[in-house]
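K.L.:
Next come a sequence and a model predicted from it.
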Amino acid sequence: MAIVFEKTKMLCEKPFHYCPGCTHGIIHRLVAESLDELGIGETAIGVAPVGCAVFAYDYFNCDMMEAAHGRAPAVATGIKRVCPDKAVFTYQGDGDLASIGTAEIVHAATRGEKITTIFVNNAIYGMTGGQMAPTTLPGQVTTTSPYGRDVTRCGWPIKVSEMLATLTGPAYIARVSVHDVPNIKKAKAAIKKAFQLQMEGKGFTLVEVLSTCPTNWGMTPQEALKWVQTDMMPAYPLGVYKDITAEPASVEGGAH
Amino acid sequence: MKQLMKGNEAIAEAAIQAGCRFFFGYPITPQNQIPEYMSKRLPQVGGCFLQAESEVAAINMVYGAGGSGARVMTSSSSPGISLKQEGISYIVGAEVPCVIVNMVRGGPGLGSIQPAQSDYYQATRGGGHGDYRMCVLAPGSVQEAVNLTQDAFDIADRYRNPVLVLGDGLIGQMMEPVDMDAVADHAPAADLKEKNWAADGHVPTTDSPRAIINSLYIDPQVLENHCKRLQAKYDLIAKNECRWQEEMLSDAEIVLVSYGTTSRIARSAMRKCREKGIKVGLLRPITLWPFPEEALRKTLSTAKEYLVFEMSMGQMVDDVRLAVNGERPVHFYGRTGGMVPTVAEMVAQIEKLAGVSASPDGCENCDFEKAVRDAADKIDAAADAMGKKLDEAGKKIGETVSSPEFQQKAQDVGKQVGDFATRTADTVAKGVGSFFGAVGKAFETVQKDLKDIEQKQKTEQKADVDKPADSDQKEGE
């Protein structure tokens, strides 16, 4: 009998700990499949964050390092400098990357560090119980913004892809979503392209993935998928923010 | 052949000769020559120097590179080392070898940029969060810094634990002759195994499965087991890696304990005191952790007293006291904030302990400021007391001013006060104690004279007067 689908070998046997309706599982699989299909999975080195994906080292079937909160891009930098021929990636949430780790991600990006960052944006701190994140939407209720995020006191959400795309160092920056099948397919293509460009030595690559947190959003999985479309996507428009391979005429220094 | 090299540069070259090909750092004085040297040299040997965006990022890059199996180093100075503590704790927890250099400067806070030893606690007690230890190597010369830096890489790899080279601004900035030929192409120690645990993207095998470099153990029992295993490793380090130097200890009644730059000054002081016949010796810890406790306890057979010299307010002295365990007095003398003690200061401290009067070339500055402050305080107090007495005396004098005998007595008292002033000036120079003796005597004289005057008044006027002043009162005791 012909096999039409099988679990990627880049994921371990260990069951995910993620909540029902959380899209981390889908994103894990897209990363694993991309590594596998590119033939770079077996020798890849991943860096896990602090946050919901803290146990990622138990799920990705390759060498893994667990980083301190926000420091994954620095750890990945050290790894990549020692192993320049290997696929090196970080898998980080919004608290990890866009709050405590802003310095590390900005400088890894501007150095054009040849790593791939999977940035999972679910607009909340999931692991610690639903506190306000740097990406929490204006008015969004969390355990530390019980009256809704008040932008006059807490400021505005950070748009990471837009911000990093202003830098010269990145080769590829895209924002995708996994709330439905067509978007999951687009997300896979973006992740695969990011790894491809890393292996070609083009520079820093990042894919921001809009993700759900039904538990801390206080929604059913279906409601959460809908909220991504109705509330998150207007604030975080999908698209390719930087792709040096798509630019017809590159200005000196690599403009965008 | 020996060449003249700055400590920081010599350490950097020694690391390269020990196979270090990766360096991640951030500028901070007084260690800047290490990253500067590395930025020039590492590309020449196929290595990688990277100036990180922060101390925090630098130590995490070290974590990544060390986790991938490379010999890697970072260096910083006190405030920067504080910033690295988070990363160091993770590195220890995940059992990643690396070498960290701290060229200690004065603290706390931004402190100063001058040499200090005030990071001893931080270095020897772990520094970051959680139960952990690091082997801490404290060189006393540029040559020793070179040798210890190379050993640091071997010790780090042997135990899969970071090793801290703890220098100070002087070790880093000082130029001394070093034999770099002797340390060229330092091969890793023979006992070191291949790093089959490294996350280097290897194809997994039975001997070398998929690597997970991690310090998270969510199950408390599993974490306790992990910590016990780490402790067993620290016990092994304590047993195998402890180093110290003994000088003139065989008959030493006064045992000096000092490390790094301070130990060199202590050595000079010790030699000067030996010339004067004082039985003094020096124990110099080379590893601050593990602390050479056993070596120190062996000195109990001759030691009557211990004297610890540090460039801090007293940190290593705690470890000396723990080792001596109350069996002998342990004294401390330190300078801090970037102040470096002089030989003369140390000689004065040793002589004081030995019961020898200070030599003419002895203490020049050490206790002078304190003595001046104390004298100023006491003179203020004496002036206040004197003011009160003079008020009282003025009152009495007012009562007796019409007396013809007073004229004569007043002249006498004036003379006494004049003598007292002369004696006071003299005694301030000699010592505050005797000064106050003189003050006391002067007052007694004044009081006695006043009493005499009163008595005379009483006798002559044959009338009741107010109760006389208490003649037993003493000042300044």
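P.N.:
Received, thanks. Numbering: from 1, shown residues only, chains lettered A, B, ... in the order given.
K.L.:
Now do the same contact list for the nearest residue to B:S312 once chain neighbours are set aside.
P.N.:
Closest residue to B:S312 apart from its sequence neighbours, by Cβ to Cβ, 6 or more residues apart in numbering or on different chains: B:S118 at 4.2 Å. To be clear about C-beta, it is placed using only N, CA and C from the backbone, and glycine gets the same treatment. Listed by Cβ atoms under 8 Å, 6 or more residues apart in numbering or on different chains, the contact set of B:S118 reads B:S78, B:V104, B:G106, B:G107, B:P108, B:M311, B:S312, B:M313, B:Q315, B:T336.
K.L.:
got the residues of chain B near chain A?
P.N.:
Chain B comes close to chain A at residues B:22, B:24, B:48, B:50, B:52-54, B:56-58, B:60-70, B:72, B:86-87, B:90, B:94, B:198-204, B:210-216, as judged by Cβ under 8 Å from any Cβ of the partner chain.
K.L.:
can I see the domain layout of chain B?
P.N.:
For chain B, automatic domain parsing gives the domain ranges B:2-192+B:211-240, B:244-354, B:368-461.
K.L.:
looking only at pLDDT, what's the mean for the longest one?
P.N.:
Read that as domain B:2-192+B:211-240. In this model, domain B:2-192+B:211-240 has an average pLDDT of 97.
K.L.:
quick check, distance from that domain to the centre of its chain.
P.N.:
Taking Cα atoms, centre = their mean, to the nearest Å, the mean C-alpha location of domain B:2-192+B:211-240 is offset from the chain mean by 21 Å.
K.L.:
give me the residue from the stretch 1-150 of chain A nearest chain B.
P.N.:
A:G78 (2.5 Å; Cβ to the nearest Cβ).
K.L.:
host element of that residue?
P.N.:
For A:G78, the host element (DSSP states H and E) is helix A:72-82.
K.L.:
So which other helices or strands are in contact with that helix?
P.N.:
strand A:45-48, strand A:88-93, helix A:102-110, strand A:116-121, strand B:22-25, strand B:48-51, helix B:55-67 (3 or more Cβ pairs under 8 Å, 6 or more residues apart in numbering or on different chains; DSSP states H and E).
K.L.:
So in that sheet, which strands flank the fifth one, and in what orientation?
P.N.:
Using DSSP bridges, strand B:22-25 pairs in its sheet with strand B:48-51 (parallel), strand B:72-76 (parallel).
K.L.:
The first one too?
P.N.:
Under the criterion DSSP bridges, strand A:45-48 sits next to strand A:63-66 (parallel), strand A:88-93 (parallel) in its sheet.
K.L.:
what's the most buried one of those strands?
P.N.:
Mean neighbour count, computed with mean count of other Cβ atoms under 10 Å in any protein chain shown, is highest for strand A:88-93 among the strands paired with strand A:45-48, reaching a mean of 31.
K.L.:
Now do the helix or strand following that one: distance to the chain's middle.
P.N.:
Note on strand A:88-93: by DSSP H and E, the next helix or strand toward the C-terminus is helix A:94-95. Its chain's C-alpha centre and that of helix A:94-95 lie 10 Å apart, by Cα atoms, centre = their mean.
K.L.:
packing partners for helix A:94-95?
P.N.:
With contacts taken as 3+ Cβ pairs under 8 Å, 6+ apart, helix A:94-95 sits against strand A:116-121.
K.L.:
Type out the ChimeraX command that picks the buried ones from the contacts of B:S118.
P.N.:
Burial among these is assessed by 16 or more other Cβ atoms under 10 Å in any protein chain shown; the matching ChimeraX selection reads:
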select /B:78,104,106,107,311,312,315,336
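K.L.:
circling back: just the buried subset of the residues of chain B next to chain A, please.
P.N.:
Here, 16+ other Cβ under 10 Å leaves B:22, B:24, B:48, B:50, B:52-54, B:56-58, B:60-70, B:72, B:86-87, B:90, B:94, B:198-202, B:210-216 buried among the residues of chain B next to chain A.
K.L.:
residues in contact with the closest residue to B:G69 other than its chain neighbours?
P.N.:
Leaving aside its sequence neighbours, B:G69 sits nearest to B:A198 (Cβ to Cβ, 6+ apart; 3.2 Å). Counting by Cβ under 8 Å, 6+ apart, B:A198 touches A:D63, B:G67, B:S68, B:G69, B:A211.
K.L.:
how about 10 Å then?
P.N.:
Listed by Cβ atoms under 10 Å, 6 or more residues apart in numbering or on different chains, the contact set of B:A198 reads A:45, A:63, A:79, A:82-83, B:66-70, B:96-97, B:208, B:211, B:213.
K.L.:
Can you tell me the SS state at it?
P.N.:
Counting by DSSP: H, G, I helix; E, B strand; the rest coil, the backbone at B:A198 sits in coil.
K.L.:
out of everything not next to it in sequence, what's closest to the residue in the stretch 1-150 of chain B that chain A sits nearest to?
P.N.:
Closest contact between the stretch 1-150 of chain B and chain A, by Cβ to the nearest Cβ, is at B:G64 (2.5 Å). Excluding the flanking residues, the one nearest B:G64 by Cβ to Cβ, 6+ apart is A:G78, at 2.5 Å.
K.L.:
Neighbours of the one you found, how many?
P.N.:
33 (other Cβ atoms under 10 Å in any protein chain shown).
K.L.:
Would you check that it makes contact with B:L50?
P.N.:
Yes. When contacts are counted by Cβ atoms under 10 Å, A:G78 is listed as touching B:L50 (8.5 Å).
K.L.:
which neighbours do these two share?
P.N.:
In contact with both A:G78 and B:L50: B:F22, B:F24, B:A57, B:A58, B:M61, B:A65, using Cβ under 10 Å, 6+ apart.
K.L.:
what sits against the second one?
P.N.:
Residues near B:F24 by Cβ under 10 Å, 6+ apart: A:74, A:77-78, A:81, B:35, B:38, B:48-52, B:55, B:57-65, B:72-75, B:98.
K.L.:
That one - nearest residue in space that isn't next to it in sequence?
P.N.:
B:M61 (3.8 Å).
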